[in-house]
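>>> Sequence and predicted structure, then a few things I'm wondering about:
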Amino acid sequence: MRSYTQIVVVALVVAMTLGGLSTAAVADTGETDVEQLGSVVVSVEDNEYHIDGAEITGDGLPSVTIEERTHTIDSLSIQTEGLTVEYDDTTYEVCRLDVTVENVEITLSDISIGSGE
């Protein structure tokens, strides 16, 4: 079972990766009956991130305090198919997203997570 800290770290990496997107690449699958609209491929490699003094609150969150902890993500891949629409024997894939994170180090300092109640 994964700890809350590991889940929070993965969520923060994904949020930072998606927040830092500046380019979008449209991929061609080579098939004539599938059209991809707005496909995005993101690769983050060999980076270090430091998150200091963050407070995360929301309904149902566990109470966790992180004084200082460093995690390294060796390899993480997330793929979403987005929205698929079929029309006139053609399949349209909208907003397909591929995110790959390799060798990324995250240091969390003075982080507070709780329900906010």
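The structure has been received and is ready for your questions.

>>> so where's this protein uncertain?
Low-confidence regions of the chain, defined by pLDDT under 70, span residues 1-32, 36-38, 116-117.

>>> Quick one: the helices in it, in order.
Using DSSP state H, the helices of the chain run over residues 4-19.

>>> could you pull out the strands for the protein?
With strands called from DSSP state E, the chain shows them at 34-37, 40-52, 55-57, 64-80, 83-87, 90-94, 97-114.

>>> Need the ones you listed in a markdown table (columns: mean neighbour count).
Where C-beta positions appear, they are placed from N, C-alpha and C, glycine not excepted. Shown next, in a markdown table, are the strands of the chain (neighbours: other C-beta atoms under 10 Å):
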| stretch | mean neighbour count |
| --- | --- |
| strand 34-37 | 15 |
| strand 40-52 | 14 |
| strand 55-57 | 12 |
| strand 64-80 | 12 |
| strand 83-87 | 10 |
| strand 90-94 | 14 |
| strand 97-114 | 16 |
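
>>> Brilliant, that's me finished.
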